[in-house]
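K.L.:
Dropping a prediction and its sequence here:
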Amino acid sequence: MARQQTLMGGFAKEPGKEKDEAKSNNGLKEVQNGKLNTQGQEPASKKRSRVIIDDSDEEEEEAKPQPAAKATKVTTKPEELKKPSKKDEDESMEDKTENETDEEYEEEEQEAANQSAEKKRDGEAVKKLAAIFVKQAPTEDKASWKEGEAVPYSALAEAFTKIEATTKRLEKLEATTKLFVKVIQLTPQDLLPCVYLCINRLCPDYEGLELGIGEGLLVKSIAQSTGRDVARIKKDLEAKGDLGLVAIGSKQKQPTMFKSAALTIRGVFKNLKEIAAMTGNKSQERKIGVIKKLLASSNAEEPKYIIRSLEGKLRIGLAEKTVLVALAQSVVLAGKKGKELASESLTQELEKGVEIVKAVFSELPTYDLVVPTLLRAGVQGLRKECNLTPGVPLKPMLAKPTKAIGEVLDRFEGKPFVCEYKYDGERAQVHYYKSGTGDKAKSTIQVFSRNSENMSVKYPDIVEQLPRCIKEGTESFVLDAECTAWQKADPEKGLPARLLPFQELSRRKRKDIKVEDIKVKVKLFAFDILYLNGKPLLHLDLASRRALLQKSFEPVQDEFDFAISKDLTSSEDIQSFLDESVKEGCEGLMVKMLEGNDATYEPSRRSMNWLKLKKDYLAGTGDSLDLVVIGAYYGKGKRTNWYGAFLLACYDADSESYQAVCKLGTGFSEEALEAHHKTLSALEITTKKGYYDVGEAKPDVYFEAKIVWEVLAADLSLSPVYSAAKGLVDHRGISLRFPRYVRIRDDKDPEDSTAPDQIAEMYRKQAVTHHGGGKGDEDDGFW
Ligand SMILES: Nc1ncnc2c1ncn2[C@@H]1O[C@H](COP(=O)(O)OP(=O)(O)OP(=O)(O)O)[C@@H](O)[C@H]1O
Ligand SMILES: [Mg+2]
Ligand SMILES: [Mg+2]
């Protein structure tokens, strides 16, 4: 059966998708041959549809979609942050010198607790779960379907209902693991779509297919499928605030005429993919057609989850990292029965499994390869076969903000570090690999954004320029670099070549770009290398990686260079290097640990081993924030035609909710206000979304959460009005004082906006700095 062979998520056999399917099957074939190598694959060149400023006539459902569980960071529970165990406390007390301040104690305890919290939490969860599984083997649970049959969607909806009903991570993990175990035992080919539905995604980010269907279209679909008026549905939506619930309610009001075939996991997943891929003429009607069918066949809680999946927000509190832990555990558990489960070593085996799956996934973040390999070769096989592979972008390492040079020196405590220019452009992860031999040999260059979006279409000039900087002997690589707007020297006017500000870069078109038409030239500044000639380099320290980087590439005028760097130690030298970087058009410096275990590359982590020191740090909050526009206030006086101010929010990945953080009305030029009005008015929605937590804020209109803005503030304060980071520092939320608009961040998705715990950290740090000095705490990135 064709369907059963397409483990890789390529169920659809529609015209125009053969390439994808070939790619998927190709990946599968290679995995089955016991060799994992995506190098023979075609580059994924599908582009994500995005909202573009000045392009607001795009249809609603074509707007930039937002997947739900795209958690890219860990939010450590506040109670775990604040209360290190008694033992930890005792141990850390021993090291302290007399003259350290209380704030420093707190900061250090917090840092230590934070660093190990995630590991401990996973370890404990695994132990507790093992105990549960020993008592009641998940492998012996009854399933609602038979071996080999397509897994019914109801099995997933039931698991979702359990997961949604609890706030305990352990219970969420247990329900997810049990479902996966059954799927592996009875219908393993459905595991991949099952995992994707749990994280509410359709494919890896770099393939660019996303959910996030607009409210209007969903309302219409519900109306048509249940024979109710659009106006009534909207009324219900205002009352209930959740389209999922509205869908269930509407179905209950509908007379049941005949019973249609039950939905299956693979069927729903295939339909979601089809809907997301529909574009162009009549796509709106076609989408409604598929959604209507899905709703017609759905029962009980199913319509709720279908609608929420389509919206792009599942909101059952199931973070991707929990799904990944469940995946690892279920693979370990699936083959075990009775006695084997009771064995002492089960806990260790589960812990090891989780560790391996997480480590491998951070290097090769694609379920399309990880899931089939796990099914075929188990956890041990996964470690052997799956590694960082050019063609599959990894989540970049991120930096911690600092407020003063003293803080940088404190952090590195005499260990060697390097200061580099912090270029103000766009992050570019450049992949290069060769495939085929002889006449068929070809090399592929791909440029990925910080969101793993394929930017090769936006930057055909990088693709064209790149081969010139590659030295002989460099056969394959993954580079970490910043792509900046660049002005060539003008000898006639006597002007030297120079960096251009970020705004110039954002003027570039995103689609249909021809190299000859490009006005804004770009230059690439490489600062790291993650893979070279067939070998991943993540585990080497930065000093070694840098040496390899410099050995393998050469600067090309106006096209490619290494990030300018200096190994400095004194604060005076750092200060003058910072001033110099700013004079050259940079944002400041990046300061990085150079040697030892703390200098490895940590994918997706906002690490203490990379610090950013920006020119405008020295006053204010230390860093700008990237916030989502969720509402607006009508303008007065000169601004009557446009919005006068906006309601901004941060994104909390754990609760999949947007938390209001401030009202913003300054920093805009008239042109900017006009352009924002054009973009945002197309995103207006009927009522506040259930997942917007706005506290006491009362904007005049709400928007779909799509647009991210960079914002600066004088400082942060506790607020009875706004809900951001509520409970992390205080029972009140945190708000920005004197916020001002800086620019649009179209390289960030709403889910990549500043997180509540970053805001809490900025607030705490500000309080500490008022007392002089103090360290930030480690953020565990995705993990
Ligand atoms: N030498 C460098 N080393 C590392 N990153 C650099 C360097 N020069 C410029 N960058 C850029 O700086 C970014 C980190 O600082 P920045 O404040 O711009 O982050 P951001 O994109 O706003 O994200 P966030 O604020 O979430 O960290 C990197 O992601 C990278 O794009
Ligand atoms: Mg930047
Ligand atoms: Mg930033």
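P.N.:
The structure has been received and is ready for your questions. Residues are numbered from 1 along each chain as shown. Ligands and ions are numbered 1, 2, ... in the order given.

K.L.:
Going by C-alpha atoms from here, please, whenever you check contacts or count neighbours.
P.N.:
Fine.

K.L.:
In space, what's closest to residue 597 - neighbours in sequence excluded?
P.N.:
residue 541 (6.8 Å; CA to CA, 6 or more residues apart in numbering).

K.L.:
contacting residues around that neighbour?
P.N.:
By CA atoms under 8 Å, 6 or more residues apart in numbering, the residues touching residue 541 are 594-601.

K.L.:
same question, residue 501
P.N.:
424-425, 485, 585.

K.L.:
Tell me the one of those residues nearest residue 312?
P.N.:
Checking these against residue 312 with CA to CA, the nearest one is residue 425 at 29.0 Å.

K.L.:
Make sure that closest one is actually in contact with residue 485.
P.N.:
Yes: with contact defined as CA atoms under 8 Å, residue 425 reaches residue 485; the gap is 6.9 Å.

K.L.:
Look through the protein and report the residue furthest from the middle.
P.N.:
residue 492 (46.3 Å; CA atoms, centre = their mean).

K.L.:
now, which of the contacts of residue 541 sits nearest residue 218?
P.N.:
residue 601 (42.5 Å).

K.L.:
Doesn't the closest one lie inside a strand?
P.N.:
No: Residue 601: not assigned to a strand; according to DSSP: H, G, I helix; E, B strand; the rest coil it is coil.

K.L.:
Find the residue closest to it in space, skipping its chain neighbours.
P.N.:
Leaving aside its sequence neighbours, residue 601 sits nearest to residue 538 (CA to CA, 6+ apart; 4.9 Å).

K.L.:
Over to residue 470?
P.N.:
residue 553 (4.8 Å).

K.L.:
Tally up the residues packed near that neighbour, please.
P.N.:
The tally of other residues near residue 553 (other CA atoms under 10 Å) stands at 21.

K.L.:
And it, how close does it get to residue 484?
P.N.:
18 Å (CA to CA, to the nearest Å).

K.L.:
hang on, residue 203 in a strand?
P.N.:
No: Residue 203 is assigned coil when assessed by three-state DSSP, not a strand.

K.L.:
quick one: secondary structure of the nearest residue to it once chain neighbours are set aside?
P.N.:
The shortest distance from residue 203 to any non-neighbouring residue, by CA to CA, 6+ apart, is to residue 209 (6.6 Å). When classified by three-state DSSP, residue 209 comes out as coil.

K.L.:
Would you mind giving me the confidence score for residue 209?
P.N.:
If you check residue 209, the pLDDT there is 92.

K.L.:
What is the burial count for it?
P.N.:
21.

K.L.:
Use 796 as the first number for this chain going forward.
P.N.:
Renumbered: residue one is now 796, and that last one reads residue 1004.

K.L.:
Hmm, it is touching residue 995, no?
P.N.:
No: using CA under 8 Å, residue 1004 makes no contact with residue 995, being 11.6 Å away.

K.L.:
Residue 1420 reaches residue 1506, doesn't it?
P.N.:
Yes: applying CA under 8 Å, one finds residue 1420 in contact with residue 1506, separated by 5.2 Å.

K.L.:
Could you list the domains of the protein?
P.N.:
The record's domain parsing of the chain by the TED database lists 912-994+1114-1172, 1010-1106, 1193-1409, 1419-1565.

K.L.:
of all the ones you listed, which lies closest to residue 1182?
P.N.:
Shortest distance between residue 1182 and the domains of the chain, using CA to CA, is found for domain 912-994+1114-1172: 6.1 Å.

K.L.:
Which residue is the nearest non-sequential neighbour of residue 1484?
P.N.:
Leaving aside its chain neighbours, residue 1484 sits nearest to residue 1036 (5.8 Å; criterion: CA to CA, 6+ apart).

K.L.:
who's in contact with that neighbour?
P.N.:
Neighbours of residue 1036 in contact, by CA under 8 Å, 6+ apart: 1482-1485.

K.L.:
again, only this time at 7 Å
P.N.:
Contacts for residue 1036 (CA atoms under 7 Å, 6 or more residues apart in numbering) come out as 1483-1485.

K.L.:
Can I get the buried part of the residues you listed as one PyMOL selection?
P.N.:
With 16 or more other CA atoms under 10 Å as the burial test, the buried ones among these are selected in PyMOL as follows:
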select buried, resi 1483+1484
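
K.L.:
Keep only those of the contacts of residue 1036 that are in strands.
P.N.:
With DSSP state E as the criterion, strands contain none of the contacts of residue 1036.

K.L.:
from the contacts of residue 1036, which is closest to ligand 1?
P.N.:
Taking CA to the nearest ligand atom as the measure, ligand 1 lies nearest residue 1484 of these, at 24.9 Å.

K.L.:
now the stretch 1296-1445 of the chain, which segments are flagged as low pLDDT?
P.N.:
Residue ranges of the stretch 1296-1445 of the chain with pLDDT under 70: 1412-1415.

K.L.:
Let me know how buried residue 1275 is, in neighbour terms.
P.N.:
Neighbourhood size, residue 1275 [other CA under 10 Å]: 24.

K.L.:
near ligand 1, which residues of this protein?
P.N.:
1193-1194, 1215-1219, 1221-1222, 1277, 1322, 1358, 1385 (CA under 6 Å from any ligand atom).

K.L.:
and the residues you listed, which are buried?
P.N.:
1193-1194, 1215-1219, 1221-1222, 1277, 1322, 1358, 1385.

K.L.:
Residue 1498: which of those residues is nearest?
P.N.:
Among those, and counting by CA to CA, the member closest to residue 1498 is residue 1221, at 26.4 Å.

K.L.:
which phi and psi does that closest one have?
P.N.:
Here is the backbone geometry of residue 1221 (degrees, to the nearest 10): phi -130, psi 140.
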